[in-house]
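S.K.: Predicted coordinates and the sequence they were generated for:
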Amino acid sequence: MSVLPPAASTLAPRFDALFVAVTAVTTLAGLAVLVALVYFGVRYRAGSPAYRHEDMAQAQRRARIRVEVAWTVVPLLLFLVAFAWATWVYVQRDAAPANAVPLYVVAKQWMWTFQHEGGQREIDVLHVPRGEAVKLTMTSQDVIHSFFVPAFRAKQDVLPGRYTQLWFTPTQAGHFHLFCAEYCGTEHARMGAGELIVMEPLEYQRWLDGQGSGNAAAAHGGELFREYGCSGCHGANAAVHAPDLAGLYGRPVPLSDGSTVTADERYLRDSILLPRKEVAAGYAPIMPSFTGQISEQDIFDLIAYIRSLAETTQRPR
């Protein structure tokens, strides 16, 4: 029986190899210290025939220097190897593939809500395709949560007021436990009943098609765009000088302070809730904040609408 949970993602074996290597090295080092401790305790105990002549003092000092250099340099080299290895795994875990399937997650006491790119929504259960990279953009509606799927070795804190991201590529079809790994309140244990279902790609597509329109999120985002008055400034015939949103998503945006950011989910969310945080170059900071007026789920739909404009050439009406 394996000590570790099943490895059901492409990153899982890499995490496991690092974990086993670090555990083995530290275990061997601990055993070496224990053996040396017992040996020297017996060999040089009081009354033992160990040679202790004063003429050996100089030789002992030279040996001591060699020993001290060895027990300093060897652990340092082992630490650097582990650090480089862990950094390599972390970089792979942090950089989602460009073609990853986008999914949106809102955590709240005490449930997970998921939204697929087409607007299909789920609660506490998430369906994903096997063999395809999946990128989760996550935020919390209330307190700190933590998205954790042990079989994928995937764990990421989900924070209120900002987006965090996590990606994985499932390698096995089946049902896997989804936990909240951060204590989030009196009914925290309820968030341990989540489930992540990995399906074959064709079966997953049939499931998606059976859940409704594949453009519901962008369509609802377009309604919100008009409802909140965004079209009054960003529309084609707007009198207000505001940034053009057509083709904005994924592009670099020059800011008034001389820096440049990418128009990703984080930037778009902050532009809606904290419009004075990063002001686009050439525009006055006159956009009002929608903090407290719009839910995280509606922000996802607005972002889906703006993403749908990425290939258009006209300003949204």
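M.R.: Everything's here; your move. Numbering: from 1, shown residues only.
S.K.: my guess is Ala21 contacts Trp85, does it?
M.R.: Yes: with contact defined as Cβ atoms under 8 Å, Ala21 counts as touching Trp85 (7.4 Å). Using the backbone N, CA and C atoms, a C-beta is placed for each residue, glycine as well.
S.K.: any idea which helix or strand carries Pro102?
M.R.: Following DSSP states H and E, one finds Pro102 within strand 101-108.
S.K.: Direction included, what does that strand pair up with?
M.R.: Each strand paired with strand 101-108, and its direction, by DSSP bridges: strand 111-116 (antiparallel), strand 134-140 (parallel).
S.K.: quick one: the strands in the stretch 101-250 of the chain?
M.R.: Secondary structure of the stretch 101-250 of the chain (DSSP state E, counting those that start in this stretch): strands at 101-108, 111-116, 121-123, 125-129, 134-140, 145-149, 154-158, 164-168, 174-180, 194-199.
S.K.: Which stretch among these approaches Lys277 most closely?
M.R.: Among the strands of the stretch 101-250 of the chain, the nearest to Lys277 by Cβ to Cβ is strand 134-140 (16.1 Å).
S.K.: Report the rounded mean pLDDT for that closest one.
M.R.: For strand 134-140, the mean pLDDT works out to 92.
S.K.: the inter-axis angle of that strand versus strand 125-129?
M.R.: Angle of strand 134-140 versus strand 125-129, following axes from the mean of the first three to the mean of the last three Cα atoms, to 10 degrees, is 160 degrees.
S.K.: Show residues contacting strand 134-140.
M.R.: 96-97, 100-108, 128, 147, 156, 158-170, 265, 269, 296, 300 (Cβ atoms under 8 Å, 6 or more residues apart in numbering).
S.K.: at 7 Å what do you get?
M.R.: 96, 100-108, 128, 147, 156, 158-160, 162-168, 265, 296 (Cβ atoms under 7 Å, 6 or more residues apart in numbering).
S.K.: if I pick the spatially closest residue to Gln205 that is not a sequence neighbour, what's in contact with it?
M.R.: Nearest non-adjacent residue to Gln205, counting by Cβ to Cβ, 6 or more residues apart in numbering: Pro129, 7.7 Å away. Residues near Pro129 by Cβ under 7 Å, 6+ apart: Val101, Met199, Pro201, Tyr204.
S.K.: quick one: which two of those residues are the most distant?
M.R.: Greatest spatial distance in those: Val101 and Met199, 12.2 Å, computed using Cβ to Cβ.
S.K.: Just want the most central residue of the protein.
M.R.: Against the mean C-alpha coordinate of the chain, by Cα atoms, centre = their mean, the closest residue is Leu166 at 3.1 Å.
S.K.: Can you give me every residue that contacts that residue?
M.R.: Leu136, Met138, Phe147, Ala154, Gln156.
S.K.: Find the residue closest to the fourth one in space, skipping its chain neighbours.
M.R.: For Ala154, ignoring the flanking residues on the chain, the nearest one in space by Cβ to Cβ, 6+ apart is Phe168 at 4.8 Å.
S.K.: isn't the one you found right up against Lys155?
M.R.: No: the pair Phe168 / Lys155 is not scored as a contact, 10.4 Å apart, by Cβ atoms under 7 Å.
S.K.: Comparing the two, which residue is more hemmed in?
M.R.: Using other Cβ atoms under 10 Å, the more surrounded residue of Phe168 and Lys155 is Phe168, with 24 against 16.
S.K.: beta partners of that one?
M.R.: Beta-bridge partners of Phe168, as defined by DSSP bridges: Val134.
S.K.: And the pLDDT at it?
M.R.: At Phe168, the pLDDT value in this model is 93.
S.K.: okay, now the domains of the protein?
M.R.: According to automatic domain parsing, the chain comprises the domains 12-94, 101-209, 216-308.
S.K.: Would you format these as CSV with distance to Pro6 included?
M.R.: Compiled in CSV, the domains of the chain are given as follows (distance: least, Cβ to Cβ, whole Å):
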stretch, distance to Pro6
domain 12-94, 8
domain 101-209, 5
domain 216-308, 31
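S.K.: tell me the most buried of those?
M.R.: Of all these, domain 101-209 has the most neighbours on average by mean count of other Cβ atoms under 10 Å, namely a mean of 18.
S.K.: Quick one: end-to-end length of that domain, please.
M.R.: Criterion Cα to Cα, to the nearest Å; first-to-last residue distance in domain 101-209 is 16 Å.
S.K.: from the chain's centre, how far out does that domain sit?
M.R.: Mean C-alpha position of domain 101-209 versus that of the full chain (Cα atoms, centre = their mean, to the nearest Å) differs by 11 Å.
S.K.: for stretch 82-94, same thing?
M.R.: Distance, centroid of stretch 82-94 to centroid of chain: 14 Å (Cα atoms, centre = their mean).
S.K.: Give me the residues contacting it.
M.R.: So stretch 82-94 is contacted by Leu11, Arg14, Phe15, Leu18, Val22 (Cβ under 7 Å, 6+ apart).
S.K.: Done for today, thanks.
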